[in-house]
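# pasting the sequence and the predicted coordinates here, then a few questions.
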Amino acid sequence: MSISTPAAPAVNQPANPAEIAREAFRRLATRRLAPTPDNYRAIYDEIAGTPSVPPPVSNPAPAPDLGAVEVLAGFARRMAETPGELSEYGRRMARAVKLEDWTGYTQALGQMLDRHLRRNTPVMALGDEEPDTVLLREMLARTLSFACASLLSGDAELSAEAEALGAAVKTAVGESELQDIAARLKQLCFQIELRKDDGAEQQELLLRLFRLLLDNIEGLLDDDNYMRGQVLVVQDLIKGPLDARALEDATRGLKDVIIKQGHLKHGIDDVRGAMKNMMMTFIDRLGSAAASTSDYHARLGGFSERIGRATDVNEINGVLDEVLREMRSAQDEALASRDRMVGAHKEVQEAEQRIRELEAELQHMSELVREDQLTGSLNRRGLDDVFERESARADRRKTPLCVALLDLDNFKRLNDTYGHMAGDAALKHLVKVVRETLRSMDVIARFGGEEFLILLPETTVDAAAAAMVRVQRELTKHFFLHDNEKMLITFSCGVALRTPNEEQASLMARADKAMYQAKNSGKNRVVIAD
């Protein structure tokens, strides 16, 4: 079959052979012509503006142009290699070329035209994207829209640009749009780097100022020793790398101490006020006693004058009776004043003792905060605070939370053989190895005596048990030394996975039961709780 069409105008015609070939295929599909070599050659000549040579009339079935057949076959192969729905059209066209079924080829090409080309889909995006490309596009969009935008929340302009870039990545088509996104992303990264440098410098300056302020405050704490503990906690905290969990723990601990110190401080102030009032009363009573003594002397002088003027014995006897009554009254008043002064002195001493007790309690609370003084691990109060925080986070995020309760094996024998100093050193050695082996987010607390509890957030029960086994192995590698004698420390451990909304007491009880199973089964073992 051959066609003859008027020559197309030369305006905006494709210039190179590849573009002419693509346009020829498009016109074949648009005109619904069979993609035979003759039809392809005629369309090609029409686009290129070259005269078309019709086949001789005497040869109704000329031999196909092998070059055109190869072009059609190559086009079919390329379409078959395209991912997505277009590959099926390519396979159909490839079969049609093998069978020289140009009608079938035309139908496949036409269906592809109706389904894709008439939607104005760009040629480079005809097929569905590769799964890896789709995944990368989605990851980049989420990173920009959520992660970067959240981190840049302090800068509204950069945060908005990150969200806009994330939305643009999802819908970008074509090289020009991608290049525009790349340029904007490069600029965003440059701005973030500038902000980061400025923020790091400001943070370092603030930390220096804070350290200087704390050092100066510490030098002024000669009288207010109850604040020294808080200052030392904050100073230790800002020495090393800042950690969100450590900051949160320190904040909780300091808030607790500040509240309780406030109550104690009010108690001290009340006692001091009472002591002040007692001293004022004491002074008033001394004044009253002095005034009474002065009046007594004045009355005695009057009695002396009356005796000197007396003319008979009866008058003298009356004056003497009054003198005796006055002396008894003065004696009673002196005894009462003495008792009042002794009582006031006792009250002052009791107030002073109460002040000393309150100040000692205040100092002790400030120093301890929430840590075990011997090992440096959390104490029970600190453990309660951390458990409350981590359990709430686990319930909110639907993440696992495990606890490991461990007890040193044969600890009593160690104490009895080598003394309590060796036992204390062994406990500190255990805490040191645990901290060096586990993650920074894992928390160890002294549960009592030689028992320790480890909180493992975002950890499955199998992973928690494996972590405890690693600690046991590290203890065998790092011997505990006492008087240059190597000692092997082992522990038995029970691991429990917290169920949703499970209370602390229930979780600890299950871990404790598993720990005793480990003890009874030979020690130096890790058992997972039911």
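The structure has been received and is ready for your questions.
# correct me, but T460 touches L401?
No: the pair T460 and L401 fails to qualify as a contact (Cβ atoms under 8 Å) at a distance of 10.1 Å. Where you see a C-beta, it was placed from the backbone N, CA and C, and this is true even at glycine.
# which residues are in contact with both of these two?
Residues touching both T460 and L401 by Cβ atoms under 8 Å, 6 or more residues apart in numbering: L497.
# mind checking which of the two has more residues around it?
More crowded of T460 and L401, by other Cβ atoms under 10 Å: L401, with 24 against 13.
# for the closest residue to that one other than its chain neighbours, give me its contacts.
What sits nearest to L401 in space, not counting adjacent residues and going by Cβ to Cβ, 6 or more residues apart in numbering, is A394, at 4.0 Å. With contact set as Cβ under 8 Å, 6+ apart, A394 has these partners: 400-401, 457-458, 498.
# what are the ranges of the strands in the protein?
With DSSP state E as the criterion, the chain has strands at 401-408, 443-448, 451-457, 480-482, 485-487, 491-497, 526-528.
# using CSV, write down the CA coordinates of stretch 395-415.
Extracted C-alpha coordinates of stretch 395-415, given in CSV (Å, rounded to 0.1, in the frame of the first residue of the first chain):
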residue,chain,number,x,y,z
ASP,A,395,3.1,4.3,74.7
ARG,A,396,3.0,7.4,72.5
ARG,A,397,5.3,6.1,69.8
LYS,A,398,4.3,2.4,70.0
THR,A,399,7.9,1.4,70.5
PRO,A,400,9.2,-1.5,72.7
LEU,A,401,10.7,-0.8,76.1
CYS,A,402,12.7,-3.4,78.0
VAL,A,403,14.2,-3.6,81.5
ALA,A,404,17.1,-5.8,82.7
LEU,A,405,17.4,-6.6,86.4
LEU,A,406,20.8,-8.0,87.3
ASP,A,407,22.3,-9.2,90.5
LEU,A,408,26.0,-9.8,91.2
ASP,A,409,26.8,-13.4,91.8
ASN,A,410,28.4,-14.4,95.1
PHE,A,411,28.6,-10.8,96.2
LYS,A,412,28.3,-11.6,99.9
ARG,A,413,31.3,-13.9,99.7
LEU,A,414,33.3,-11.2,98.0
ASN,A,415,32.4,-8.8,100.9
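# same question for that stretch: list its buried residues.
For stretch 395-415, the neighbour count (16 or more other Cβ atoms under 10 Å) marks 400-409, 411, 414-415 as buried.
# over to stretch 28-44?
For stretch 28-44, by 16+ other Cβ under 10 Å, it's 28-29, 33-44.
# now swap in stretch 157-172 and tell me
Buried, per 16+ other Cβ under 10 Å, within stretch 157-172: 158-159, 161-166, 168-169, 172.
# cool, stretch 19-29 as well?
Applying 16+ other Cβ under 10 Å to stretch 19-29 flags 20-21, 23-25, 27-29 as buried.
# which member of those is positioned nearest L99?
Distance to L99 across the buried residues of stretch 19-29 (Cβ to Cβ) is lowest for L28, with 18.2 Å.
# TSV for the strands of the chain, including mean pLDDT and distance to K428?
Formatted as TSV, those follow (pLDDT from 0 to 100; distance: least, Cβ to Cβ, whole Å):
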stretch	mean pLDDT	distance to K428
strand 401-408	96	12
strand 443-448	90	11
strand 451-457	95	11
strand 480-482	83	10
strand 485-487	85	13
strand 491-497	96	14
strand 526-528	96	22
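# out of the ones you listed, nearest to L140?
strand 451-457 (29.5 Å).
# does F480 touch H429 like I think?
Yes: using Cβ under 8 Å, F480 is in contact with H429, at 4.7 Å.
# joint contacts of these two?
I489.
# okay, now D312: neighbour count?
D312 sits with 7 neighbouring residues when counted by other Cβ under 10 Å.
# ok, now which ones touch it?
No contacts exist for D312 under Cβ under 8 Å, 6+ apart.
# now do the same contact list for L475.
Contacts of L475 by Cβ under 8 Å, 6+ apart are 430, 433, 488-491.
# and the helices in the stretch 51-200 of the chain?
66-81, 86-99, 102-115, 131-142, 149-151, 156-171, 175-219 (DSSP state H, counting those that start in this stretch).
# excluding chain neighbours, give the residue nearest to A167 in space.
Going by Cβ to Cβ, 6+ apart, A167 has S145 as its nearest residue, at 6.8 Å.
# go on, T460?
P400 (5.3 Å).
# hang on, isn't the one you found packed against A496?
No: using Cβ under 8 Å, P400 makes no contact with A496, being 11.1 Å away.
# overlap in contacts of those two?
V461.
# burial check on the nearest residue to D101 once chain neighbours are set aside, number of neighbours?
Nearest residue to D101 in three dimensions, chain neighbours excluded: R95, at 7.6 Å (Cβ to Cβ, 6+ apart). Using other Cβ under 10 Å as the criterion, R95 is surrounded by 15 other residues.
# now do R354
17.
# for it, give its distance to V342.
19 Å (Cβ to Cβ, to the nearest Å).
# also Q504?
Counting by Cβ to Cβ, the gap from Q504 to V342 is 54 Å.
# ok, the two, which is more surrounded?
Neighbour comparison, Q504 and V342: the larger count goes to Q504, with 14 against 10 (by other Cβ under 10 Å).
# so the more buried one is in contact with D385, correct?
No: in this structure Q504 lies outside contact range of D385 using Cβ under 8 Å: 11.2 Å.
# so which residues of the stretch 301-450 of the chain form helices?
313-368, 380-397, 411-418, 420-437.
# quick one: mean pLDDT over stretch 375-387.
For stretch 375-387, mean pLDDT is 86.
# quick check: buried residues in it?
Residues 375, 377-379, 382-383, 385-387 are the ones in stretch 375-387 that count as buried (16+ other Cβ under 10 Å).
# can I get those residues in a markdown table with distance to G74?
Formatted as a markdown table, the buried residues of stretch 375-387 follow (distance: Cβ to Cβ, whole Å):
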| residue | distance to G74 |
| --- | --- |
| T375 | 76 |
| S377 | 73 |
| L378 | 72 |
| N379 | 78 |
| G382 | 74 |
| L383 | 73 |
| D385 | 72 |
| V386 | 68 |
| F387 | 69 |
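# nearest to R137, out of those: which one, please.
The closest of the buried residues of stretch 375-387, once distances to R137 are taken by Cβ to Cβ, is V386, at 40.7 Å.
# contact partners for the nearest residue to the closest one once chain neighbours are set aside?
Distance criterion Cβ to Cβ, 6+ apart; nearest residue to V386, sequence neighbours excluded, is V443 at 5.2 Å. Counting by Cβ under 8 Å, 6+ apart, V443 touches 378, 383, 386, 390, 454-455.
# out of those, who's nearest R184?
E390 (40.3 Å).
# and the gap between the closest residue to F447 other than its chain neighbours and I489?
Nearest non-adjacent residue to F447, counting by Cβ to Cβ, 6+ apart: L453, 4.4 Å away. Using Cβ to Cβ, we find L453 at a distance of 17 Å from I489.
# same deal with A465?
19 Å.
# what does E503 give?
For E503, the distance to I489 equals 32 Å [Cβ to Cβ].
# more neighbours, the two?
Ranked by neighbour count (other Cβ under 10 Å), E503 and I489 place I489 first, with 21 against 12.
# what about T103, how many residues nearby?
11.
# phi, psi of the nearest residue to it once chain neighbours are set aside?
If the residues on either side of it in the chain are set aside, T103 comes closest to A34, at 5.6 Å by Cβ to Cβ, 6+ apart. Main-chain dihedrals, A34, degrees, to the nearest 10: phi -60, psi 130.
# 9 is where my numbering starts, stick with that
Sounds good: first residue 9 from here, last item A42.
# for N325, see how far away the spatially closest residue to I324 that is not a sequence neighbour is.
Spatial nearest neighbour of I324, chain neighbours left out: A318 (4.6 Å); criterion: Cβ to Cβ, 6+ apart. Distance check for A318 against N325: by Cβ to Cβ, it reads 9 Å.
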